[in-house]
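Participant: dropping a prediction and its sequence here:
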Amino acid sequence: MPAVSKGDGMRGLAVFISDIRNCKSKEAEIKRINKELANIRSKFKGDKALDGYSKKKYVCKLLFIFLLGHDIDFGHMEAVNLLSSNRYTEKQIGYLFISVLVNSNSELIRLINNAIKNDLASRNPTFMGLALHCIANVGSREMAEAFAGEIPKILVAGDTMDSVKQSAALCLLRLYRASPDLVPMGDWTSRVVHLLNDQHLGVVTAATSLVTTLAQKNPEEFKTSVSLAVSRLSRIVTSASTDLQDYTYYFVPAPWLSVKLLRLLQCYPPPEDPAVRGRLTECLETILNKAQEPPKSKKVQHSNAKNAVLFEAISLIIHHDSEPNLLVRACNQLGQFLQHRETNLRYLALESMCTLASSEFSHEAVKTHIDTVINALKTERDVSVRQRAVDLLYAMCDRSNAQQIVAEMLSYLETADYSIREEIVLKVAILAEKYAVDYTWYVDTILNLIRIAGDYVSEEVWYRVIQIVINRDDVQGYAAKTVFEALQAPACHENLVKVGGYILGEFGNLIAGDPRSSPLIQFNLLHSKFHLCSVPTRALLLSTYIKFVNLFPEVKTTIQDVLRSDSQLKNADVELQQRAVEYLRLSTVASTDILATVLEEMPPFPERESSILAKLKKKKGPSTVTDLEEAKRERSVDVNGGPEPAPASASAASTPSPSADLLGLGAAPPAPPGPPPSASGLLVDVFSDSASAVAPLAPGSEDNFARFVCKNNGVLFENQLLQIGLKSEFRQNLGRMFIFYGNKTSTQFLNFTPTLICTDDLQANLNLQTKPVDPTVDGGAQVQQVVNIECVSDFTEAPVLNIQFRYGGTFQNVSVKLPITLNKFFQPTEMASQDFFQRWKQLSNPQQEVQNIFKAKHPMDTEITKAKIIGFGSALLEEVDPNPANFVGAGIIHTKTTQIGCLLRLEPNLQAQMYRLTLRTSKDTVSQRLCDLLSEQF
């Protein structure tokens, strides 16, 4: 860097900074800054031309003022002028100002680009460095368009200095990350790879970062970098700390470059060339050997640098997964870190061992550390480390240690942090199912799981245990006996009641011979929980009762009495009422044979991927679960002894909902696409989502619509399954509406399709643009849809929102009116009394006025009336009407084609409880529509 001359000290800047620091209050600071800004502005506008030093000093002051948090709206041109200076410090300040204060949309960007081009062409390394730094700092698309073709030439040019090559490589990396489509691949790509062999390690470090990013997108073009990276890495790891003095960090030679090279090699499979592969293996062995050597320094920087290289080397070993010796050594090295006093090292060791556990070469080596991992689960203070310990136990689990690991997880679950309980529950359920040899152990484990953490046991878990019990005859009697005993506890979790109700309804006859679990005792036990349960659980228990009618005729009368009670037949919940009525009728009129046929035992479920595993994948993300499961699938079999089914597609629609999983609706293969069904195929049509007509408006839709005329936010529709909320904003003729769809149940909505329906007339006057929503809405989840609105001309109708979806196998179809009304495009207008009545007289034509006299529907409260007029969109004009009891308002309806002035007058008559509403606008249809809308509000 050029030496700074004595005159560059900028004493004026130092005095200004000192003055700012000495200010006793915020007001004093602002006063001093305003004084300085006025002085700088006068200097820039003065007749006398400023020299370079003065410009630099004043630009520096502006930059300092900006960094204090004040806006700067001048001085940009003076900063651009500094770029043409031949003095380093002046050019540096100019580039600094531009990097911080000039945005990509500035009118000066062309002048700035010309100055940068001149500096890049100057071949002055100092000026080229400043220009490259500015390009990288701004990093805009405009910069990429201007210089993406030029910078690669500078990077690979033979006469470019090393410092400029470093800057050029990092600048190109910045532009590629911001705008990859604007960086052209060409001849320079093969030449930039050879920079990995450059003598200057700074150039190699910058080039490695660039090549790694480029190789991730274009691996074929940069595959020659593998041999060069191995060669360079070999020279670094075999060198002594004194060989690379400028790049040795606390006795570790070039740690950052080593890490970058190891990361570059992870973009490719193991080298095919035996010589390169052997050299890479030597490098990795050397890194592992150095990790065993005593530290050369007690400083934390030494251990950090050394471990950074080690962990990246282990990541490469795991990535290649081809050298059993290296994998086992890596596992042993990580095992030493499991008891290290440094928390970060313990975390990283557990995380890396999770991946090692998926390798067939190192799985057994990982299992030797099971006691250490279990101890970490019990004693570790940091919750994130405990979570990694749970992940590792899950990864190392197989048939030999499944019962031990599941027992430890269940033990930890009682004191586990709330944030990870659901994940632990899912993992325990998966492991218990996958490695169950004795299915009585599996049933005990799941029931224990529900007892310990019932609130975190999702529907997928208890659905799955029911599927397995139904599919295995040898465990059905034990399951019925076990749930019967578990239900006798005074406090049972609702999930246990669900499992017990389902299993006893199917297999209660297997334990009915014992007088301690006679049919009546089973029924009384379940019914004692009935009043404590939620509606879905009560519905399930009613189904259990009708199953009991078939299984145990001796309790038929007792069950009929329950179904006949007012609490069932007159239940406020439609689902429970319908079940009670239908089940009572079925038990009364059906013969024994018909009952046996209708209520026969559930058939076995077809085998497919566990919905619990699908839920865990969704919770953890595909990258953290899928790879592990793929590897474990090779070493294990599923619950029925065959190979585990292939994982579901990443598509949300391919993961069956819990209810679909339980009922077996997801088992049938999709039908091949074909022509639409003919008129003779009406039975198929009935069950087709796409063929469903739009439902009529839901009850109460008109009332809810009217409530939104004077407000923009709130709940538009709600039933037992779905809640629809709105949040809207409007400005002039444009609007945006956020529609929130909430799933109130614990079951997924499938094929969720909201559609906006407009008549032809409405489409001509109102433009609506919607963004699609996810077709699957999880239980308890909420999805958002954005509607962009443009009012082209005045309109009277409102669009209809139709929502279609499947819930538990049942097709749902809901329609509501969407509250997009003409008054939403009102802009309030303030007026004096004289102006109001002058305009009122101008709108005196009969077709311009609409008047309505109507009875008040709500209490005539003055404040509520004012709020509704303001909410309607017009300005409320105070002290305009001679009668202070009257309300007057004014505003303008904005459409794309025109603007319509609107005046309104509302005259209340308290004695008669009546209103007279008068509206005058320049268009008769607008007057009528606004009058109709506003009249409904009072």
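Facilitator: Now that the structure is in, tell me what you want to look at. Just so it is clear, the model here is predicted, and its values are computed rather than measured.

Participant: tell me the contacts of Val469?
Facilitator: Listed by C-beta atoms under 8 Å, 6 or more residues apart in numbering, the contact partners of Val469 are 443, 475-476, 479, 503, 507. No exception for glycine: its C-beta is placed from N, CA and C like everyone else's.

Participant: doesn't Pro859 fall inside a strand?
Facilitator: No - counting by DSSP: H, G, I helix; E, B strand; the rest coil, Pro859 is not part of a strand but coil.

Participant: including neighbour count, secondary structure and distance to Gln913, could the contacts of Val469 go into a markdown table?
Facilitator: Shown next, in a markdown table, are the contacts of Val469 (neighbours: other C-beta atoms under 10 Å; DSSP: H, G, I helix; E, B strand; the rest coil; distance: C-beta to C-beta, whole Å):
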| residue | neighbour count | secondary structure | distance to Gln913 |
| --- | --- | --- | --- |
| Val443 | 26 | helix | 69 |
| Val475 | 21 | helix | 73 |
| Gln476 | 20 | helix | 70 |
| Ala479 | 30 | helix | 68 |
| Ile503 | 24 | helix | 63 |
| Phe507 | 24 | helix | 67 |
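
Participant: ok, so of the residues you listed, who is nearest Thr238?
Facilitator: Using C-beta to C-beta, Val443 is the member of these that sits closest to Thr238, with 59.0 Å.

Participant: for Asn550, see how far away the residue lying closest to that closest one once chain neighbours are set aside is.
Facilitator: In this structure, Val443 finds its nearest non-sequential neighbour in Ala479, 4.9 Å apart by C-beta to C-beta, 6 or more residues apart in numbering. Separation of Ala479 from Asn550 (C-beta to C-beta, to the nearest Å): 19 Å.

Participant: and Leu37, by the same measure?
Facilitator: Taking C-beta to C-beta, one finds Leu37 at 89 Å from Asn550.

Participant: now render the contacts of Val469 as TSV, adding pLDDT and distance to Val385.
Facilitator: Output for the contacts of Val469, formatted as TSV (pLDDT from 0 to 100; distance: C-beta to C-beta, whole Å):
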residue	pLDDT	distance to Val385
Val443	89	33
Val475	88	37
Gln476	89	42
Ala479	91	37
Ile503	92	39
Phe507	90	43
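
Participant: out of those, which is nearest to Ser746?
Facilitator: Ile503 (19.6 Å).

Participant: now do the closest one against Val428, distance only.
Facilitator: Ile503 sits 20 Å away from Val428, going by C-beta to C-beta.

Participant: could you export the contacts of Val469 as a markdown table, including distance to Pro295?
Facilitator: Output for the contacts of Val469, formatted as a markdown table (distance: C-beta to C-beta, whole Å):
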| residue | distance to Pro295 |
| --- | --- |
| Val443 | 53 |
| Val475 | 56 |
| Gln476 | 62 |
| Ala479 | 58 |
| Ile503 | 60 |
| Phe507 | 64 |
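
Participant: nearest to Asn802 among these?
Facilitator: Ile503 (40.3 Å).

Participant: residues in contact with the closest one?
Facilitator: Applying C-beta under 8 Å, 6+ apart, the residues near Ile503 are 466, 469, 476, 479-480, 483.

Participant: again, but for Ile559
Facilitator: With contact set as C-beta under 8 Å, 6+ apart, Ile559 has these partners: 523, 545-546, 548-549, 587.

Participant: all helices of the stretch 651-800 of the chain, in order?
Facilitator: 658-663, 682-686, 701-707, 760-765 (DSSP state H, counting those that start in this stretch).

Participant: mean pLDDT lowest for which of those?
Facilitator: In terms of mean pLDDT, the lowest-scoring of the helices of the stretch 651-800 of the chain is helix 682-686 (a mean of 31).

Participant: quick revisit: is it true that the residue nearest to Val443 touches Gly508?
Facilitator: No - using C-beta atoms under 8 Å, Ala479 is not in contact with Gly508, being 10.7 Å away.

Participant: helix, strand or coil: sort out Asn86 for me.
Facilitator: What three-state DSSP gives for Asn86 is coil.

Participant: the helices in the stretch 501-650 of the chain, which residues?
Facilitator: Along the stretch 501-650 of the chain, counting by DSSP H, counting those that start in this stretch, helices occupy 519-530, 535-551, 556-564, 566-569, 574-589, 592-598, 611-620, 622-633.

Participant: of those helices, which approaches Asp321 most closely?
Facilitator: Of all these, it is helix 622-633 that lies closest to Asp321, at 9.3 Å by C-beta to C-beta.

Participant: name the nearest residue to Asn713, sequence neighbours excluded.
Facilitator: In space, Asn713 is closest to Lys727, 4.9 Å off (C-beta to C-beta, 6+ apart).

Participant: also Ser362?
Facilitator: Nearest one to Ser362, counting by C-beta to C-beta, 6+ apart, is Leu327 at 4.0 Å.

Participant: tell me the contacts of that neighbour?
Facilitator: Here Leu327 is in contact with 317-318, 321, 356, 359, 361-362, 365 (C-beta under 8 Å, 6+ apart).

Participant: change it to 6 Å
Facilitator: 359, 361-362 (C-beta atoms under 6 Å, 6 or more residues apart in numbering).

Participant: neighbour-wise, which of those leads?
Facilitator: Ser362 (25 neighbours; other C-beta atoms under 10 Å).

Participant: measure that residue to Ile318 for me?
Facilitator: From Ser362 to Ile318 the distance is 8 Å (C-beta to C-beta).

Participant: got it, and Leu917?
Facilitator: Counting by C-beta to C-beta, the gap from Leu917 to Ile318 is 76 Å.

Participant: just the pLDDT at Gly7, thanks.
Facilitator: As predicted, Gly7 sits at a pLDDT of 42.

Participant: so which strand or helix has His302?
Facilitator: helix 300-320 (DSSP states H and E).

Participant: farthest pair in the contacts of Ile503?
Facilitator: It's Ile466 and Ala480 that sit farthest apart of the contacts of Ile503, by C-beta to C-beta, at 11.9 Å.

Participant: who has more neighbours out of the two?
Facilitator: The neighbour comparison of Ile466 against Ala480 (other C-beta under 10 Å) goes to Ala480, with 25 against 20.

Participant: so that one belongs to a helix, correct?
Facilitator: Yes - checked against three-state DSSP, Ala480 lies within a helix.

Participant: which phi and psi does Phe805 have?
Facilitator: Main-chain torsions, Phe805, degrees, to the nearest 10: phi -160, psi 170.

Participant: same check, this time on Glu380
Facilitator: Dihedral angles phi and psi of Glu380 (degrees, to the nearest 10) take the values phi -70, psi 140.

Participant: and it, how close does it get to Leu392?
Facilitator: 12 Å.

Participant: which one of these two has more residues nearby?
Facilitator: Leu392 (29 against 19).

Participant: does that one touch Ile374 like I think?
Facilitator: No - using C-beta atoms under 6 Å, Leu392 is not in contact with Ile374; the gap is 10.0 Å.

Participant: low-scoring stretches of the stretch 601-750 of the chain, by residue?
Facilitator: 607-611, 613-615, 617-693 (pLDDT under 70).

Participant: repeat that with 80
Facilitator: Residues of the stretch 601-750 of the chain meeting the criterion pLDDT under 80: 605-695, 700-701, 703, 746.

Participant: all strands for the stretch 651-800 of the chain, in order.
Facilitator: 713-718, 722-731, 734-743, 749-757, 766-770, 782-791, 800-807 (DSSP state E, counting those that start in this stretch).

Participant: helices or strands next to the fifth one in the packing?
Facilitator: In this case it means strand 766-770. strand 782-791 (3 or more C-beta pairs under 6 Å, 6 or more residues apart in numbering; DSSP states H and E).

Participant: okay, buried residues for the strand it packs on please.
Facilitator: 783, 785, 787, 789, 791 (16 or more other C-beta atoms under 10 Å).

Participant: ok, now stretch 293-300?
Facilitator: For stretch 293-300, a neighbour-count test (16+ other C-beta under 10 Å) marks nothing as buried.

Participant: and what of stretch 190-208?
Facilitator: Across stretch 190-208, burial judged by 16+ other C-beta under 10 Å covers 192-193, 195-196, 198, 200-208.

Participant: mean confidence for that stretch?
Facilitator: Averaged across stretch 190-208, pLDDT comes to 89.
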